[in-house]
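Participant: model this:
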Amino acid sequence: MSPFAQSMFSRAPRSHAVLQFVKTNTSAVNLVLLTLILSLCALYIVQVNSAVAKGFQIRELETSIHQLTVDSRELEVAAREAQSLQNISSSIKMMGLVSAETPTYVSGSAPSYALAD
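Facilitator: This is a model prediction of the structure:
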């Protein structure tokens, strides 16, 4: 037989050996496949639960962001009201301050000096 033919048919005995092993150990192969399927199912369930948990966390964070945005706007409105001219004028009256009269200016035509003792 040529080397090509030998290499071509050399796989046939190996495949027969694998088939023979499967036929003789059917229960072991079934047990291995069942274990593999159950582990893949468990892995899938863990991944889905992880995705769902992250989804709930994202929703909670979005709710928190929305609430903080609303609070920020309310604080901005309160700050603008506190700085409004009407509020400042009522605060002046509450403190007992009076409006200034016409100011009197001192003329500085003659030079003046300060002397130290």
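Participant: Now residue 20: which helix or strand?
Facilitator: helix 11-24 (DSSP states H and E).
Participant: Show me what that helix is in contact with.
Facilitator: Outside helix 11-24, the residues that touch it by CB atoms under 8 Å, 6 or more residues apart in numbering are residue 29. Just so you know, the C-beta spots here come from the backbone N, C-alpha and C atoms, and that holds for glycine as well.
Participant: now it, how far from the chain's geometric center?
Facilitator: Distance of helix 11-24 from its chain centroid, counting by CA atoms, centre = their mean, to the nearest Å, is 55 Å.
Participant: again, but for stretch 48-59
Facilitator: Its chain's average C-alpha position is 13 Å from that of stretch 48-59, according to CA atoms, centre = their mean.
Participant: Stretch 95-109 now?
Facilitator: For stretch 95-109, the gap between its own C-alpha mean and the chain's C-alpha mean amounts to 58 Å (CA atoms, centre = their mean).
Participant: Also stretch 26-37?
Facilitator: Distance, centroid of stretch 26-37 to centroid of chain: 43 Å (CA atoms, centre = their mean).
Participant: for stretch 62-80, same thing?
Facilitator: Averaged C-alpha coordinates place stretch 62-80 at 19 Å from its chain's average position (CA atoms, centre = their mean).
Participant: for stretch 102-110, same thing?
Facilitator: Distance, centroid of stretch 102-110 to centroid of chain: 65 Å (CA atoms, centre = their mean).
Participant: do stretch 34-44 as well
Facilitator: Remark: stretch 34-44 is offset 32 Å from the chain centroid, using CA atoms, centre = their mean.
Participant: Cool, thanks, talk later.
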